[in-house]
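1. the sequence and its predicted three-dimensional model are supplied below.
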Amino acid sequence: MNRGSEGCCGLRRGIWLQARFALAVFFAALAMTPVNAQWFGDRPPPVPPASVPDSGTAASLAPPSGPGSGPNLAPVLRQPTLTQPFLNQPSATTVPSPASLSAPPGQGVLSLSARYGKDMPVINAGLVWRVFASRPDATGTFKMIREERAATPSMVLPPGNYVVHVAFGLVSAVRMVSLKAEADRQMFVLPAGGLRLEGRVGTSKIPQNQISFAIYKGSQFEGSDRPPIVPSVAAGDVVLLPEGTYYIVSNYGDANAIVRSDIRVQAGKLMDVTVSHRAAVITLKLVTDKGGEALANTAWSVITPGGDVIKNSIGAFPRVVLQEGEYRAIAKNEGKVYERPFNVVNGVDGEVEVIAR
């Protein structure tokens with residue numbers, strides 16, 4: 001076989017190995033179980049894209065994956081919380097020069113850094129770097145060689161081929177790197193932006209424990225059903241996302257106070273988004289006389305004038321968050337049914353008494 005044929009075969013084998021690495025991680029992620037809604041505080045590494053390029057960087061939105069490990073995947077690794085506003089910190093504009101790094105004899109130095117975009121500042125916190133072998137071992141696993149959480153780490157490694165994976169919140173990128181017995185610098189581009197959410201009713205801030213947000217890719221008007229990329233975000237937390245269009249579903253309470261909003265995330269920027277609800281907190285009471293003591297063991301239903309059930313509950317003082325509008329409260333106690341119509345006014349919390357007569 002001539003040298004040209006050998007080179008061609010080597011190239012095909014290299015591409016095959018790269019694809020095998022990415023597919024192994026992908027299918028392992030599919031085998032993982034779902035995690036708690038607050039998964040973004042402590043979760044496995046994002047899944048690399050479906051192929052590993054020889055040069056450049058492939059950035060992607062990392063889908064959530066649960067605890068455990070699947071076949072052909074290194075043990076699960078944990079990420080830092082995403083509640084720190086990394087984007088508010090001063091951004092470095094330079095990274096160490098490979099020329100200033102001395103490699104031990106027979107070794108190479110791999111210097112890594114990432115930017116929000118071309119000609120944009122260096123990301124200076126929140127990065128998780130992982131270096132994998134470019135070939136699987138005897139068990140078919142791509143062994144993880146190093147993990148670093150510094151913003152611009154420099155790793156001393158034997159010359160050879162490696163797969164470098166970097167994660168920044170929900171943004172990740174992967175690249176095949178060929179390291180020689182010298183210093184090499186690799187700059188990744190992670191077009192990430194931050195999103196911090198809160199809710200308000202009128203001029204009042206909604207307490208953190210009464211509101212949650214789900215984030216979806218694309219616009220709410222695209223018309224296709226899709227799962228959320230972040231199923232539950234607490235007010236005040238920072239979520240790091242690839243730049244692009246998203247829509248937020250804000251749930252105030254657990255009834256019908258729901259607001260949907262389209263937003264645009266920009267690379268290198270932290271966006272504070274305030275979602276305004278038109279709703280109020282209503283406390284229900286079944287009493288024998290106006291202003292009397294509430295009767296215990298009461299089953300409640302809140303319905304619309306058209307008969308749609310909004311909320312069912314049991315108790316003497318159930319509280320329900322309702323969007324403004326007209327409703328009927330139905331109370332069942334000791335085999336008897338009582339009801340009363342009422343209105344909800346935006347921002348006006350109150351009590352609705354149903355008289356047991």
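-> Nice, I can see it.
2. what bits of the stretch 101-250 of the chain have low per-residue confidence?
-> 101-103 (pLDDT under 70).
3. state the distance from the residue most central in space within the chain to residue 327.
-> Nearest residue to the geometric centre of the chain (Cα atoms, centre = their mean): residue 230, 4.0 Å. Taking Cβ to Cβ, to the nearest Å as the measure, residue 230 falls 31 Å from residue 327. For the C-beta atoms, the positions are set from N, CA and C on the backbone; glycine is no exception.
4. with residue 195 instead?
-> Between residue 195 and residue 327 the computed distance is 33 Å (Cβ to Cβ).
5. isn't residue 128 up against residue 166?
-> Yes. Between residue 128 and residue 166 there is a contact at 6.9 Å, judged by Cβ atoms under 8 Å.
6. more crowded one of these two?
-> residue 166 (27 against 20; other Cβ atoms under 10 Å).
7. residue 333 bridge partners, please.
-> residue 336 (DSSP bridges).
8. kindly state the pLDDT recorded for it?
-> Residue 333 carries a pLDDT score of 96 in this model.
9. who's in contact with stretch 306-323?
-> Contacts to stretch 306-323, defined as Cβ atoms under 8 Å, 6 or more residues apart in numbering, come from residues 210, 252-258, 277-286, 294-304, 327, 344.
10. can you point out the buried residues in the helix or strand hosting residue 313?
-> Here residue 313, judged by DSSP states H and E, is contained in strand 309-314. Residues of strand 309-314 classed as buried: 310, 311 (neighbour count, 16 or more other Cβ atoms under 10 Å).
11. off-centre distance for it?
-> Centre-to-centre, strand 309-314 and its host chain are 31 Å apart (Cα atoms, centre = their mean, to the nearest Å).
12. do stretch 214-228 as well
-> Taking mean C-alpha positions (Cα atoms, centre = their mean), stretch 214-228 and its chain are 14 Å apart.
13. can I get it in PDB, CA atoms only?
-> C-alpha atoms of stretch 214-228 as PDB (Å, rounded to 0.1, in the frame of the first residue of the first chain):
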ATOM      1  CA  ALA A 214     -39.400  26.800  32.900                       C
ATOM      2  CA  ILE A 215     -37.300  27.700  29.900                       C
ATOM      3  CA  TYR A 216     -37.900  26.400  26.300                       C
ATOM      4  CA  LYS A 217     -35.900  26.700  23.200                       C
ATOM      5  CA  GLY A 218     -37.300  28.900  20.400                       C
ATOM      6  CA  SER A 219     -40.400  31.100  20.400                       C
ATOM      7  CA  GLN A 220     -43.800  30.200  22.000                       C
ATOM      8  CA  PHE A 221     -45.400  31.100  18.600                       C
ATOM      9  CA  GLU A 222     -43.600  28.300  16.700                       C
ATOM     10  CA  GLY A 223     -46.400  26.000  17.400                       C
ATOM     11  CA  SER A 224     -44.500  22.800  18.100                       C
ATOM     12  CA  ASP A 225     -44.600  20.900  21.400                       C
ATOM     13  CA  ARG A 226     -41.200  20.500  23.000                       C
ATOM     14  CA  PRO A 227     -39.900  19.700  26.500                       C
ATOM     15  CA  PRO A 228     -38.300  22.500  28.500                       C
END
